[in-house]
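Visitor: Got a predicted model here, sequence first, then my questions.
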Amino acid sequence: MSDDTKALLRKLRDICGRRHVLIDANKTRPFATGYRCGGGSVAAVVRPGTLIEQWRVLQACVAGGAIVIMQGANTGLTGGSTPNGDYDRPVIVVNTMRIAAIHLIHGGAQVVCLPGATLHALERKLRPLGREPHSVIGSSCIGASVFGGICNNSGGALIQRGPAYTELALFARLNGRRQLELVNHLGITLNGDAEDILQCVEDGRLPEDAIQTGNRAASDRRYGEHVRQIDEPSPARFNADSTRLFEASGSAGKIAVFAVRLDTFKSETRTATFYIGTNAASELTRLRRHILATFPSLPIAAEYIHKDAFDVAEVYGKDMFLAIQYLGTDRLPRLFALKNWIDRTARRIPYAPTFLSDRILQRLSHLFPAHLPARIKQYRRRFAHHLILKVSEDAIATTRSYLADIFPSDTGDVFECSADESQKAFLHRFAVAGAAVRYRAIHTDDVEDIVALDVALRRNDPDWFENLPEPLRKPIISSLYYGHFFCHVFHQDYIVAKGHDAVVLEEHMLELLDARGAEYPAEHNVGHLYRAKPALAAHYRALDPCNAFNPGIGKTSKSAHWHSAKL
């Protein structure tokens, strides 16, 4: 470690306190390793406790010539908030989860969230008001931060709301002269210098007469009509869509965000859930097109699960299902903290098995009885394709009537879920997202790796279900297909058998997707797995001309000032 880096670490300790500047490899590993993939070495992990501390940390890192990787909950699936490989400068990970305040404005119709605010904390804050955030449980990871969704244009399961998006944010950027600037685009008049502004936002001193309405959006208000355009030869949503890249939105850590202003949404008081099974993919195609084209209001969600994903999740997602059912989402962050502690401790014990916490949880899950409702299990035995369709009160009668006209058919059927069946159907869909990771942890001797693709198909693509050629099927133990069906966003997880090259397999998969006119990634962002397409790479370069924040994201240049970069 150089003398300059040692001096920087001393400065960071002065700002945040020794306890919150981690340099021991065993302590930094959870922050320097991605949830599903990625990881690398860091000079330190810094955990500021206030917005002013965050600002001063950034100033110190800029003065010390260090790379800054901003990090929230580190629940991303493509390694985008962790280091990856080698860098030409020391790397400082700035984890912001200690700064978690949420401020209501306009009576809760909007919120101002600070960097460590989680979706679940926001749900709890809004629930007494009868309102919801953009995203709710049902897509990828427990404990995800609000900022993670915005900075990665995450999509989620809710059809009406589209990708997470805002044009209203408070952030710091490093300009081309290597000067750190605080940019206030919250649409809230705040006076004073940078630290005065940050203190006002942290304290929630946001008077109504200082809040402007203006023309800037705090959510993607166009998506409802956009997704209805079923004959368009382009995907509904994907991360490189230039129309949804705006400052913090889609920034992927190329700026340091301090606050975002977001719309909230009225909670549905009465809903109905329909469970549809079929052996003909074309049957779901016709259903999707009819509902999007003709129904007066969009469904709330339409979540797809293929039978193979259903089976793997039933076994390897059971503990997650049960944890949410019996502990609730509020207690899950503590469970994950315990899980991480077990794994950190196990690494210090010679001959301790890898993924010890996963092995313990998997064993415990076998002690519980079958957890899925009888009718859902019956449909699994009968059908290959499963669709969970949830609609709001004003669409219940229309949906019942339409489904009664087309089912039962020669290839499919439907039933209307009870409240318990609805909850468990969506919990099972949620559990699918982590099932491949658990399978890999338990079967390390058999599994080489996972190829995890996040795909947006054309809105007019009738052949949405993939049929792989035999040479590509051969090295795959299991293909897990699931996703947000009406948005035509699919997650495709391939569990690759030992001895096969997962990277080569992925390259062949992407060639097939290119031929189909698909876009990828759809909602998990490029991270260090995908190459950023030109619009996205240009967005990164415009935000960070010095390439000091999260360099190398999307397989772009890691060098200072983008030397050797190719857009």
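Guide: Perfect, I can see it now. Computed from a prediction, not measured in an experiment: that's the story for all the values here.

Visitor: Next one, pLDDT for the closest residue to Tyr35 other than its chain neighbours please.
Guide: Spatial nearest neighbour of Tyr35, excluding adjacent residues (C-beta to C-beta, 6 or more residues apart in numbering): Thr75 at 5.3 Å. No exception for glycine: its C-beta is placed from N, CA and C like everyone else's. pLDDT recorded at Thr75 is 78.

Visitor: Which helix or strand contains Thr75?
Guide: Assigned by DSSP states H and E, Thr75 falls within no helix or strand.

Visitor: just Tyr351 next, same as before
Guide: Counting by DSSP H and E, no helix or strand carries Tyr351.

Visitor: Can you give me the distance of it to Asn340?
Guide: 21 Å (C-beta to C-beta, to the nearest Å).

Visitor: same deal with Ile396?
Guide: From Ile396 to Asn340 the distance is 43 Å (C-beta to C-beta).

Visitor: who's more crowded, Tyr351 and Asn340?
Guide: Neighbour count, other C-beta atoms under 10 Å: between Tyr351 and Asn340, Asn340 has more, with 13 against 4.

Visitor: these two touch, right, that one and Pro30?
Guide: Yes. If you go by C-beta atoms under 8 Å, Asn340 and Pro30 touch, sitting 5.3 Å apart.

Visitor: which residues are in contact with the lowest-mean-pLDDT helix or strand in the chain?
Guide: The weakest-scoring helix or strand in the chain, judged by mean pLDDT, DSSP states H and E, is helix 332-347 (a mean of 75). With C-beta atoms under 8 Å, 6 or more residues apart in numbering as the test, helix 332-347 has contacts from 26, 29-30, 118, 120, 142-143, 323-324, 327, 352-357, 360-361.

Visitor: Could you tell me which of the residues you listed count as buried?
Guide: Buried by 16 or more other C-beta atoms under 10 Å: 29-30, 118, 120, 142-143, 323-324, 355-357, 361, out of the contacts of helix 332-347.

Visitor: Among the residues you listed, which one sits closest to Ala172?
Guide: Using C-beta to C-beta, Thr118 is the member of the buried ones among the contacts of helix 332-347 that lies nearest Ala172, at 21.9 Å.

Visitor: Quick check: phi and psi at that closest one.
Guide: Backbone torsions for Thr118, taken as degrees, to the nearest 10, come to phi -100, psi 160.

Visitor: any idea how far it is from Lys125?
Guide: Taking C-beta to C-beta as the measure, Thr118 falls 10 Å from Lys125.

Visitor: got it, and Ser401?
Guide: Per C-beta to C-beta, Ser401 is found 38 Å from Lys125.

Visitor: what about those two, which has more around it?
Guide: Comparing Ser401 with Lys125 by neighbour count (other C-beta under 10 Å), the higher total belongs to Lys125, at 19 against 9.

Visitor: Check the chain for its longest helix and report it.
Guide: The longest helix of the chain (DSSP state H) is helix 419-442.

Visitor: now that one: how far from the chain's centre is it?
Guide: 16 Å (C-alpha atoms, centre = their mean, to the nearest Å).

Visitor: how about it: buried residues?
Guide: If you call a residue buried by 16+ other C-beta under 10 Å, then helix 419-442 has these buried ones: 421-422, 424-442.

Visitor: in this protein, which segments are predicted with low confidence?
Guide: 36, 137-142, 329-333, 564-567 (pLDDT under 70).

Visitor: following the helix or strand where Leu262 lies, which helix or strand comes up?
Guide: When elements are assigned from DSSP H and E, Leu262 belongs to strand 256-263. Moving toward the C-terminus from strand 256-263, the next helix or strand (DSSP H and E) is strand 265-266.

Visitor: What segments of the stretch 1-150 of the chain are helices?
Guide: With helices called from DSSP state H, counting those that start in this stretch, the stretch 1-150 of the chain shows them at 3-16, 25-32, 51-63, 119-126, 146-151.

Visitor: Any chance of TSV for those helices, columns distance to Ala302?
Guide: TSV is the format used below for the helices of the stretch 1-150 of the chain (distance: least, C-beta to C-beta, whole Å):
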stretch	distance to Ala302
helix 3-16	45
helix 25-32	35
helix 51-63	39
helix 119-126	20
helix 146-151	20
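
Visitor: Lys460 contacts Pro233, doesn't it?
Guide: Just so we're on the same page, residue 460 is Asn rather than Lys. Yes. At 5.5 Å, Asn460 counts as touching Pro233 under the criterion of C-beta under 8 Å.

Visitor: okay, these two: which has more neighbours?
Guide: Ranked by neighbour count (other C-beta under 10 Å), Asn460 and Pro233 place Asn460 first, with 14 against 9.
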